[in-house]
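*Asks:* Make a model of this:
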Amino acid sequence: MQILDEDLEDYHTSSYYVIIISREMSKMINVIMEDLWDRTFMSSHSLTGKKAPTDKSSNPPKPALPKKVVEAITEFTFDY
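*Replies:* Now for the predicted structure:
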């Protein structure tokens, strides 16, 4: 069976391809974060440092993850 460029174009724009890539990127980000921080640190921080709109508790928001590290991870995954 011969694969044509048009076939690859359709595959790369399909939602299936996007879901697979998204899952793989999420896994990669999780591995990077697990290598940088332990569970205790991750459980005591949030990505932005803001409370979720659905959080109605009186607890203060968790501190944000270090911004420069988050930006570096984001940039790395975009470049990848």
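*Asks:* Tell me which stretches of this protein form strands.
*Replies:* With strands called from DSSP state E, the chain shows none.
*Asks:* shaky segments in it?
*Replies:* Per-residue confidence for the chain (pLDDT under 70) gives these ranges: 1-22, 80.
*Asks:* Contact partners for Met42?
*Replies:* By Cβ atoms under 8 Å, 6 or more residues apart in numbering, Met42 lies in contact with Met33, Glu34. Where you see a C-beta, it was placed from the backbone N, CA and C, and this is true even at glycine.
*Asks:* any idea how far Ile73 is from Ala64?
*Replies:* 14 Å (Cβ to Cβ, to the nearest Å).
*Asks:* Have a look at these two and say which one is more surrounded.
*Replies:* Higher neighbour count among Ile73 and Ala64: Ile73, with 16 against 13, using other Cβ atoms under 10 Å.
*Asks:* Spit out the contact partners of that one.
*Replies:* Ile29, Ile32, Met33.
*Asks:* For it, give its distance to Lys51.
*Replies:* 22 Å.
*Asks:* Return the members of the contacts of Ile73 classed as buried.
*Replies:* Met33 (16 or more other Cβ atoms under 10 Å).
*Asks:* Next, format the contacts of Ile73 as CSV and append distance to Asp79.
*Replies:* Shown next, in CSV, are the contacts of Ile73 (distance: Cβ to Cβ, whole Å):
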residue, distance to Asp79
Ile29, 13
Ile32, 13
Met33, 17
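*Asks:* Tell me where the protein has helices.
*Replies:* Here the chain has its helices, by DSSP state H, at 5-13, 15-36, 39-43, 67-79.
*Asks:* ok, the one residue sitting closest to the centre of the chain - contacts?
*Replies:* Per Cα atoms, centre = their mean, the C-alpha nearest to the average position across the chain is that of Ser26, at 4.6 Å. Residues counted as contacts of Ser26 (Cβ under 8 Å, 6+ apart): none.
*Asks:* what's the answer for Val69, then?
*Replies:* Leu36.
*Asks:* rerun at 10 Å
*Replies:* Applying Cβ atoms under 10 Å, 6 or more residues apart in numbering, we find Val69 in contact with Ile32, Met33, Leu36, Trp37.
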